[in-house]
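K.L.:
how would this look folded up:
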Amino acid sequence: SLVSSDKRIALIFGKNNASLVFPAFDFNVSKIKVYGANGASGKVTFNIFDGDDVASTEVTGSTQDHTFDIDVNHQSAGTVYTLKLTNDNNCQISKIEVFGYETVSVTSVGYATYCSENILDFSAVDGLDAYSAFIVEEGVTFDKLVGGVAAGQGVLLKAAEGTYQVPVVATATADTSDNGFVGVNASETQQAGIFVLLNGDKGVGFYKTLNPFTLGAHTAYLPALAGARTFIGFGQTTAINGMSVETAASNACYNLQGQRVDNPRKGLYIVNGKKLVIK
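P.N.:
Predicted structure coming up:
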């Protein structure tokens, strides 16, 4: 049944072994927060279960909010969790939040590409930076992203070797309006001419493919670029948000849509990978 408590609607149920079953989530779950309600039982005990197995630590009282940290052995995507009462009292719940994450790996080269079917906030993880790609005719600049990155957006990751737990968030707030990366969530084969991240004879960078190339799931690539360029490395030219990229020497001017502008007027432009403001 539903009751009104402290200007909030709460679900009330009980008693011992009364259960609330969650749907299966398509991401790993790190914690589940259960919000209580004023006037509810202060004696009720309850916990999160994975089938018959305890998945967290039992708590007491539903007048306050509780965060259940999910045991690492029960965090896998697809797990069906159950909130279960464990004594003969009623429980009131006004809201439930589920916090998920995806595990992202970066090898010893210090770079990786990634794409997700969920909204991810890479900026919430210490030591892990995500970049979008701004493409112009003679090069590419990489902009650091802050906030939730929309599902399906490809990004370049920069970090020390390791695995990182990137939180799944509800809202995409990072600006990817000019992102030139193409995200791949399922393995696919692309024709020759795209640029993929490799550690080749010129070092770590994006190499132009000479033959059809099969991309793995949850990766990203740069589309074919104009000109004879075959490699995009990380050199000395400063990009808008401080990450460096190698670009061809040129005084060509581009607007923020990547279009070449021969007679620029007032506004913001990109010249040799650098931001130029004409007042």
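K.L.:
Every contact and neighbour count from this point should use C-alpha atoms.
P.N.:
Noted.
K.L.:
contacting residues around residue 125?
P.N.:
The neighbours of residue 125, taking CA atoms under 8 Å, 6 or more residues apart in numbering as the test, are 164-166.
K.L.:
Please apply the same query to residue 42.
P.N.:
For residue 42, counting by CA under 8 Å, 6+ apart, the contacting residues are 60-63.
K.L.:
next one: residue 202
P.N.:
residue 233.
K.L.:
Relative to residue 233, how far out is it?
P.N.:
Using CA to CA, to the nearest Å, residue 202 is found at 8 Å from residue 233.
K.L.:
if we can go back for a sec, so which of the contacts of residue 42 are in strands?
P.N.:
Among those, the residues falling in strands (DSSP state E) are residue 60.
K.L.:
ranking the contacts of residue 42 by neighbours, who comes first?
P.N.:
Comparing the contacts of residue 42 by number of neighbours (other CA atoms under 10 Å), residue 62 comes first, having 25 neighbours.
K.L.:
Wait, that residue touches residue 44, no?
P.N.:
Yes: using CA atoms under 8 Å, residue 62 makes contact with residue 44 at a distance of 6.7 Å.
K.L.:
what residues are shared contacts of those two?
P.N.:
Common neighbours of residue 62 and residue 44, using CA under 8 Å, 6+ apart, are residue 91.
K.L.:
Where does the prediction get shaky in the chain?
P.N.:
1-8, 137-138, 228, 235-260, 269-276, 279 (pLDDT under 70).
K.L.:
Could you pull up the residues touching the spatially most central residue of it?
P.N.:
Nearest residue to the geometric centre of the chain (CA atoms, centre = their mean): residue 120, 1.9 Å. Applying CA under 8 Å, 6+ apart, we find residue 120 in contact with 101, 148-151, 166-169, 172.
K.L.:
Just grab the bridge partners of the residue lying closest to it once chain neighbours are set aside for me.
P.N.:
The shortest distance from residue 120 to any non-neighbouring residue, by CA to CA, 6 or more residues apart in numbering, is to residue 168 (4.7 Å). Going by DSSP bridges, residue 168 is paired in beta bridges with residue 100, residue 120.
K.L.:
phi, psi of residue 73?
P.N.:
phi -80, psi 0 (degrees, to the nearest 10).
K.L.:
list the buried ones in stretch 224-236?
P.N.:
Across stretch 224-236, burial judged by 16 or more other CA atoms under 10 Å covers 225, 231-234.
K.L.:
Reformat the residues you listed as TSV; add distance to residue 158 and secondary structure.
P.N.:
Below are the buried residues of stretch 224-236 laid out as TSV (distance: CA to CA, whole Å; DSSP: H, G, I helix; E, B strand; the rest coil):
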residue	distance to residue 158	secondary structure
225	23	coil
231	18	strand
232	16	strand
233	14	strand
234	12	coil
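K.L.:
Tell me which two in those are the farthest apart.
P.N.:
Largest separation among those by CA to CA: 225 and 234, giving 16.8 Å.
K.L.:
I figured residue 147 hits residue 119, correct?
P.N.:
No: the pair residue 147 / residue 119 is not scored as a contact, 9.6 Å apart, by CA under 8 Å.
K.L.:
Compare these two (neighbour count), which wins?
P.N.:
Neighbour count, other CA under 10 Å: between residue 147 and residue 119, residue 119 has more, with 23 against 17.
K.L.:
Distance of that one relative to residue 65?
P.N.:
Separation of residue 119 from residue 65 (CA to CA) stands at 26 Å.
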